[in-house]
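Enquirer: Got a predicted structure plus its sequence, pasted below:
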Amino acid sequence: MSALPANPLAPEQRAVSMRDLAWLVASLLIVVAPHALRAPWWITLLAAFLYAWRIQIMLSRAPLPSRWLLIAVAAAAMLGVWAEYRTLFGRSPGIVLLALFSGLKLLEMRSQRDAAVVAFLCYFLIITNLLSTQSIPTAAAMLVALAVITTTLVGLGAPQRPARANLRTAGLLLAHAAPAALVLFLLFPRVPGPLWGLPQDAYTGVTGLSDNMTPGNIARLVLSDAIAFRVEFEGEPPAHRLRYWRGPVLWDFDGRTWTAGPTALTRFEPPRGGAETFRYEVVLEPHNRNWLFALETAASLPARSHFTADGQLLAHDFVRDRRRYAMTSIAGASRGPDEQPFGLRRALRLPQGSSPRATALAAQWRQQSASDADIVSRALKYFIEQRFLYTLDPALLGRDSVDDFLFGTREGFCEHFASAFAFLMRAAGVPARIVTGYLGGEPNSVDGIFTVRQSDAHAWAEVYLRGRGWVRVDPTSASVPGRLDSGLARAMTEGAALPFMLRPELEWLRGLRSRWEAVAHRWNVWVLGYNTERQRDLMAFVGMPDADWRSLTATLFTILGTITALLLAWSLRRLARPDPVQKAWQAFCRKLAARGVKRAPQEGPRDYSERAARALPRAQRPIRSIGALYIALRYGAQASAQGIAELRRRVRELRLT
Amino acid sequence: MIGALLERYPQLANRIWGFTPPEHGVIVLVHRRVYILPTRLGWMFAATLGILLAGSINYALSLGFALTFTLGGLGLAAMVHTARNLARMAVSSGRAEPVFAGESAQFRLHLDGRARFDRPAILARHLGCGAQLVVSIAAHAIGEVALAVPATKRGWLPLGRVMLETRFPLGIFRAWSYVEPDARCLVYPRAEHSPLPRSSPEATAGAVRALAPGNEDFTGLRAYQLSDSPRHVAWKSVARTEEMLTKQFSGEAAAELWLDWGLLPAGLGLEQRLSRLAGWVVAAERSGARYGMRLPGIEIAPERGSAHRAACLQALALYQLP
């Protein structure tokens, strides 16, 4: 007995056609193209060359390149990647290598098994695009890629089938995959990552405030239109001039730069006094630092965060994912008058000999004033009277930055005002510090959720007044009153350069952006921000308040089982109409029965039609022909569509009267 | 594991589900007789999902989870679709034309899709001999496969067990089912070429005149036998094919001929006798003579034509078989 022939459905036995290759290359292009511009140019070219080479081989029916040549190309590519990135691991080199290897895999693709492996690799490559962005357009592109790759796989199995039918099958498959995908997304127990050390380049290129302030760096930040965080208020939102979002507090000044320096953690205690209480929820964009922003003055502490002595909220970990937290703040409340003597000494320290004219001015105020509060109002009056120019693009300042600003350039942005004010206070003997954060934020016209952008970044000052504690003083608002009650755009001096989106004539564009951002916000909260906590909320909502991973898994499997059963039921629907031959024959029998010739249960079609022909001699020829045709169609080798149509026609045209 | 077990002992499956082969008439592949298991590609697909899941967890990629779970759902859907590609199909067998032993019986199977959708890439494979064919069945259509099963022995050759298999649409699952339709093919004895018998005494005694191989008209070639005259050997043909053939001539074309068991040499075994007789039937029909056949207990009156030939050969095929 010789060996049985191989199974022709096994992918190892099936050759790859030109159509399969075209679909595979299309799949690869869709998933690799987004990386093409980010990768070094020679890698993009090399990958494109490898794909083109494979297509050329297919077209010319040339043999595949030898294994050694491929190994040489792979080694050269790895060497090149190493030269480019100085490593083969990590995110960017990893993606680049995968893209190159997909091209090499194409070049050693002999059977459909290899083709399927490339298709699976394409599925995998989709996720590499999600590392940089997970926006709605990315999700749409992901769906397109899924459809194309799935069509490729379908096409491998059915080479003769038209591509459109394969595309339809892929669409149907994906539609049937959706319910299970949704349930898995909602109920699959989420493990907080990471499972292994993240590469060092995982969080690069995020914008936000930093722990120091040099003249000009907030002005630069303001040019960015990126969203810092979004806030949803419960009830009435605070007025614009109350929307001070407190961030890093800066204590130490070297004449040009304010830095945060060491901070002491302390137990959180609610503030005293204050007028209005605001409850709200913040969705903070990742900024790779640990500040959590809150409306002044914070009256609650978010989960997994610390409170510092100078009133900052610090997350336990750097904020690297979008983070939600609920907050309560009381406008105008105070932390009380106690401050460590060390802190007060620190809040008076100034670099030796820096900005002598400003120091002299402060000394003069000290002499003329009865109290610290008096000095503060003198200083504010000074800022109002001196009419400084508020601009995003101020002249550069020298080593004595405060003197240069106050007596030289006289133009600046919020950090110039805050810095000069705090300097003057310290020089006059009033403890002062800088607070950075955001001022304002605009409600989205569609969903009413406030969006605070990097362009709302702001710096202000706090002074320590005996008996009252730290009090917020915003010299920018004294000098440029418009800044406080409206956005940056209104406050800017006429003709000054504004960030593109802040220009007033682009109202319609901002409306469009509002709409888009409202959708994007929901996407961020419900899709991208879906995590263990939201999962718990959901389970509590459906009546399982303390669901652990076991009950989640059980629920998950129950629902998945139901979905499978529903799919099976769908596939078990009555698949076809009753046999058309049988249907025509039954119509024939009914017609004869109406004329009194009933078919006996055991009577075969030949006997029956013969008996009927004899009983109804005027129609004997059509009756006999129908009987013969039925027998031929029913018991013959093959029922042709033409034959069925003929039988139907003859039965329909049979006249027995 | 279950799949491997079923593959090795396909009768197990039928025993479990209560189908006793062979089955008569139209066999509908109801869902419970369609088996399904992941293929090797399926396991690779699962491994891809595992890597995607780990990556999604590690980088906390919400869309990565969405991707992974969509592919998971795709696997589930593919399982149902693969089973559907086979399920509810109706299998029936067509007529298999009789063959001589040593040839291949062509069994025709009709695969009635009975569905609004098409059923691409369905493999029909004969488990015994490995004869196989891949068909695609259009919507509302019937596909036909012809499986060539070698016929070694005379008598009825049952079709035996046929596996129907599909991996469509994604190739990550393999659905299969076994059918054993009640189809059989008549296998005639191997036809041995030998000179037609000389007229037997009782045949010539009656009115019936035997057809005696004469020298008048050339009627064909047959295998050379030691007793043949060298003058009758077809030397041209020998030079061409290196096979010894003897020219045959008939004296009177319209003669009647009895192909009689009793004319066979006494030393021949049963199968050899039947083979010789089958060869005679074929030769006699080709010569255009009227011929009858006598076997112990069976006599077929002289006649000619394909129906007569078939009747004679069937009698030989089934002679002394249970």
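Expert: Thanks, I have it. Quick caveat, the model's predicted, so the values are computed rather than measured. Residues are numbered from 1 along each chain as shown, chains lettered A, B, ... in the order given.

Enquirer: From here on, just use CA atoms for contacts and neighbour counts.
Expert: Will do.

Enquirer: least trustworthy helix or strand in the chain by mean pLDDT?
Expert: I'll assume chain A. helix A:488-491 (a mean of 58; mean pLDDT, DSSP states H and E).

Enquirer: try again with chain B
Expert: Per mean pLDDT, DSSP H and E, bottom of the list for chain B is helix B:201-205, a mean of 42.

Enquirer: Surely A:Gln535 is within a helix?
Expert: Yes. Per DSSP: H, G, I helix; E, B strand; the rest coil, A:Gln535 lies within a helix segment.

Enquirer: what's the neighbour count on it?
Expert: Using other C-alpha atoms under 10 Å in any protein chain shown, A:Gln535 has 19 other residues around it.

Enquirer: Now do the contacts for it.
Expert: A:186-187 (C-alpha atoms under 8 Å, 6 or more residues apart in numbering or on different chains).

Enquirer: Could I get the pLDDT score of it?
Expert: With respect to pLDDT, A:Gln535 has a value of 81.

Enquirer: distance of it from chain B?
Expert: 13 Å (C-alpha to the nearest C-alpha, to the nearest Å).

Enquirer: now that residue: how far from A:Ala139?
Expert: 21 Å (C-alpha to C-alpha, to the nearest Å).

Enquirer: Could you do A:Gly596 as well?
Expert: For A:Gly596, the distance to A:Ala139 - C-alpha to C-alpha - is 69 Å.

Enquirer: how's chain B carved up into domains?
Expert: Following the assignment in automatic domain parsing, chain B carries domains at B:2-186, B:201-318.

Enquirer: wait, chain A
Expert: Using automatic domain parsing, chain A is parsed into the domains A:11-161, A:212-505, A:532-572, A:580-653.

Enquirer: Can you measure across the last one, start residue to end residue?
Expert: Distance between the two ends of domain A:580-653: 17 Å, counting by C-alpha to C-alpha.

Enquirer: Can you list the low-confidence ranges for the stretch 1-150 of chain B?
Expert: B:1-22, B:24 (pLDDT under 70).

Enquirer: And the helices in it?
Expert: Remark: helices assigned in the stretch 1-150 of chain B by DSSP state H, counting those that start in this stretch are B:2-8, B:10-17, B:40-58, B:62-86.

Enquirer: out of the ones you listed, nearest to A:Val148?
Expert: Of all the helices of the stretch 1-150 of chain B, it is helix B:62-86 that lies closest to A:Val148, at 13.3 Å by C-alpha to C-alpha.

Enquirer: higher neighbour count, A:Gly596 and A:Ala139?
Expert: A:Ala139 (18 against 12).

Enquirer: Can you tell me the SS state at that one?
Expert: helix.

Enquirer: per-residue pLDDT, it?
Expert: For A:Ala139, the pLDDT comes out at 92.

Enquirer: OK, contacts around it?
Expert: Residues near A:Ala139 by C-alpha under 8 Å, 6+ apart: B:Leu63.

Enquirer: Can you pull up the most central residue in chain B?
Expert: B:Ala105 (3.0 Å; C-alpha atoms, centre = their mean).

Enquirer: ugh, wrong one, chain A
Expert: Taking C-alpha atoms, centre = their mean, chain A has its central residue at A:Gln134, 2.8 Å away.

Enquirer: just checking, it touches B:Leu63?
Expert: Yes. Assessed by C-alpha atoms under 8 Å, A:Gln134 is found in contact with B:Leu63 at 6.4 Å.

Enquirer: Quick check: neighbours shared by those two?
Expert: Residues touching both A:Gln134 and B:Leu63 by C-alpha under 8 Å, 6+ apart: A:Leu528.

Enquirer: how many other residues sit next to A:Glu653?
Expert: A:Glu653: 10 neighbours (other C-alpha under 10 Å).

Enquirer: show me where the stretch 201-322 of chain B has helices.
Expert: B:201-205, B:235-241, B:270-287, B:306-318.

Enquirer: what inclination does the last one have with respect to helix B:270-287?
Expert: Computed by axes from the mean of the first three to the mean of the last three C-alpha atoms, to 10 degrees, the angle separating helix B:306-318 from helix B:270-287 equals 170 degrees.

Enquirer: then helix B:306-318 to CSV, C-alphas only?
Expert: Output in CSV follows, covering the C-alpha atoms of helix B:306-318 (Å, rounded to 0.1, in the frame of the first residue of the first chain):
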residue,chain,number,x,y,z
SER,B,306,-24.9,-3.8,-24.5
ALA,B,307,-27.7,-4.9,-22.2
HIS,B,308,-27.0,-8.5,-22.9
ARG,B,309,-23.3,-8.0,-22.5
ALA,B,310,-23.9,-6.3,-19.1
ALA,B,311,-26.2,-9.2,-18.0
CYS,B,312,-23.6,-11.8,-18.9
LEU,B,313,-20.8,-9.9,-17.2
GLN,B,314,-23.0,-9.3,-14.1
ALA,B,315,-23.7,-13.0,-13.9
LEU,B,316,-20.0,-13.6,-14.0
ALA,B,317,-19.2,-10.9,-11.5
LEU,B,318,-21.7,-12.2,-8.9
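
Enquirer: That one packs against which elements?
Expert: Using 3 or more C-alpha pairs under 8 Å, 6 or more residues apart in numbering or on different chains; DSSP states H and E, the elements in contact with helix B:306-318 are strand B:155-158, strand B:184-188, helix B:270-287.
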